[in-house]
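>>> No sequence on hand, only this structure:
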């Protein structure tokens, strides 16, 4: 076989270069004109069926493949680049982040280990993250897919720190470990207990106060009860920005309790940790600087393209003790490409790791922490404004206090006479908004009631989008109520 023909570089670089420029222009247009298209539209069944075809065995031109992307993929994405995507805490991405993805793809670097510049970029991002949150500069960390994996890593470090490194070989034995988090915590904490082998039933779910924060007194009582029953409390997971309403636990009180109890203090700051970017809002995170580990996402409020989660661990020695392994084919040397140890694979489960650090690094360098902090402040201001609009509308009901950027409310107009179940009515309103491409809020349950949940995260969202959401909820709610009357 002719090796030149077996390779995958283009036969004509100029032709591919021209296509690449076209792709780049189309991508810029997609972001620049986000507001002009529907937020979301359902993919037609006949197009979806095209994505079930068998594995292609022969070659196809890049131009034809790109035409399929434009036809089958681009119009039917999630929609989180649109300013009226409000349903889940998804960042809007940026053109700078998009370019970073392209550059990272060109390098095709594996950040599992060895001595090369991309790993140094990730190390700098980790140092910046520690500085942002007030952790020591020698803290360790990794960029991972998202906070779900970051929380799992934090839990595994806490487990090994509690039981010792021998537990990695011998298992937990007769250890009876218990962990604690609030009733408002993300389900990935339960999943982490499951995956770790500790068991989801050993996660104690602590009730929340009226503001949606973990009840510290109830937590203290739960720990005392477990100790009395022969359990070993080892981990408390605080939340900075709860899933449903965006509440921030009293992290300072949780930290003090953990020190008293000898428990590992971990913070799930999936989106709320980015409050640290704002001097105005940062005090809400008081106590996070004392955490043993923190998990959060850059791909939410920091607007880095997916995916870009982060785990920080205060004690790098304990972090490495939970994951480092040796193998002949991964031998570290003092010189050459095999230098640069410890390697990132010593701090987490992945050996094959992409260069996701580049898009975080470029985002922070280009925009700076202060400007990103302004985005966070603007989101919270929009949420406060939305809450005021809801309070001013007799047909709308605010269902939870607005702590940060999440507003939970419902349409309640003419409900008594319409015959509609309010939960069903509000679920229908949300589906109508999504299917019409007008806006994309989501739903959740607050106080036993189905709520319309608007999470304001996208840096493109402004007051006109908030006003449109209220207007359309009222319009659809009124129309459906009248039709059912």
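Yes, it's here. These figures come from a predicted structure and were not determined experimentally. Residues are numbered from 1 along each chain as shown.
>>> From here on, just use CA atoms for contacts and neighbour counts.
Noted.
>>> Could you find the closest non-adjacent residue to the most centrally placed residue in the chain?
For the chain, the residue lying nearest the average C-alpha position, counting by C-alpha atoms, centre = their mean, turns out to be residue 297 (4.6 Å). Closest residue to residue 297 apart from its sequence neighbours, by C-alpha to C-alpha, 6 or more residues apart in numbering: residue 309 at 4.1 Å.
>>> Give me the neighbour count for that neighbour.
By the other C-alpha atoms under 10 Å criterion, the neighbourhood of residue 309 contains 26 residues.
>>> contacting residues around it?
Remark: with contacts taken as C-alpha atoms under 8 Å, 6 or more residues apart in numbering, residue 309 is in contact with 143-147, 150, 295-299.
>>> show me the residues around the residue nearest to the centre of the chain that make contact.
For residue 297, the contacting residues are 146-147, 269-271, 308-310, by C-alpha under 8 Å, 6+ apart.
>>> Could you save those residues as TSV and add columns showing distance to residue 104 and secondary structure?
Conversion of the contacts of residue 297 to TSV gives the following (distance: C-alpha to C-alpha, whole Å; DSSP: H, G, I helix; E, B strand; the rest coil):
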residue	distance to residue 104	secondary structure
146	18	coil
147	22	helix
269	26	coil
270	24	coil
271	24	coil
308	13	coil
309	17	strand
310	18	strand
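>>> Of those, which pair is most distant in space?
Checked with C-alpha to C-alpha, these reach their widest spread between 269 and 308, with 13.5 Å between them.
>>> Which SSE is immediately downstream of the helix or strand hosting residue 48?
Per DSSP states H and E: residue 48 is located in helix 45-50. Note on helix 45-50: by DSSP H and E, the next helix or strand toward the C-terminus is helix 62-68.
>>> For that following helix, give me every contacting residue.
By C-alpha under 8 Å, 6+ apart, the surrounding residues in contact with helix 62-68 are 16, 19.
>>> Domains in the chain, by residue range?
As recorded under automatic domain parsing, the domains making up the chain are 13-40+78-92+368-485, 110-354.
>>> now the end-to-end length of the last one.
Counting by C-alpha to C-alpha, to the nearest Å, the length from the leading to the trailing residue of domain 110-354 is 5 Å.
>>> same deal with stretch 304-321?
End-to-end distance for stretch 304-321, by C-alpha to C-alpha: 30 Å.
>>> go on, stretch 189-207?
With C-alpha to C-alpha as the measure, the ends of stretch 189-207 fall 15 Å from one another.
>>> which other residues reach it?
In this structure, residues lying in contact with stretch 189-207 by C-alpha under 8 Å, 6+ apart are 148, 151-152, 155-156, 177-183, 214-215, 218-219, 222.
>>> So what's the residue count around residue 15?
Residue crowding around residue 15 was assessed by other C-alpha under 10 Å; the count is 12.
>>> Next, the contact list for it, please.
Residue 15 sits next to no residue when contact means C-alpha under 8 Å, 6+ apart.
>>> Swap in 10 Å and give it another go.
Under the criterion of C-alpha atoms under 10 Å, 6 or more residues apart in numbering, the contact list for residue 15 reads 62-63.
>>> Going forward, the N-terminal residue is numbered 425.
Right, with 425 as the first residue, what we last looked at is residue 439.
>>> What strand or helix carries it?
Counting by DSSP H and E, the element that carries residue 439 is helix 437-456.
>>> again, but for residue 642
For residue 642, the element it lies in under DSSP H and E is helix 640-652.
>>> And that helix, what does it pack against?
In terms of contacts (3 or more C-alpha pairs under 10 Å, 6 or more residues apart in numbering; DSSP states H and E), helix 640-652 is packed against strand 601-606, strand 627-630, strand 656-663, helix 675-685.
>>> Most tightly packed of those?
Burial among the helices and strands packed on helix 640-652, expressed as mean neighbours by mean count of other C-alpha atoms under 10 Å, is greatest for strand 656-663, which shows a mean of 25.
>>> Off-centre distance for that strand?
21 Å (C-alpha atoms, centre = their mean, to the nearest Å).
>>> now do stretch 535-548
When distances are taken as C-alpha atoms, centre = their mean, stretch 535-548 is centred 23 Å away from the chain's centroid.
>>> buried stuff in it?
Going by neighbour count (16 or more other C-alpha atoms under 10 Å), the buried part of stretch 535-548 is 535-540, 542-543, 545-547.
>>> Could you do stretch 433-447 as well?
Burial within stretch 433-447, assessed by neighbour count using 16+ other C-alpha under 10 Å, is assigned to residue 440.
>>> How about stretch 612-628?
Neighbour-count burial for stretch 612-628 flags 612-618, 622, 624, 626-628 (criterion: 16+ other C-alpha under 10 Å).
>>> top helix in this protein by residue count?
Looking only at the chain and at elements set by DSSP state H, the helix with the highest residue count is helix 781-816.
>>> packing partners for the helix or strand following it?
As assigned by DSSP H and E, the chain's next helix or strand after helix 781-816 is strand 820-822. Counting contacts by 3+ C-alpha pairs under 10 Å, 6+ apart, strand 820-822 is packed against helix 781-816, strand 830-835, strand 873-879, helix 887-908.
>>> Any chance of TSV for these, columns mean pLDDT, distance to residue 760 and mean neighbour count?
Conversion of the helices and strands packed on strand 820-822 to TSV gives the following (pLDDT from 0 to 100; distance: least, C-alpha to C-alpha, whole Å; neighbours: other C-alpha atoms under 10 Å):
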stretch	mean pLDDT	distance to residue 760	mean neighbour count
helix 781-816	98	23	19
strand 830-835	97	50	28
strand 873-879	97	48	24
helix 887-908	93	55	16
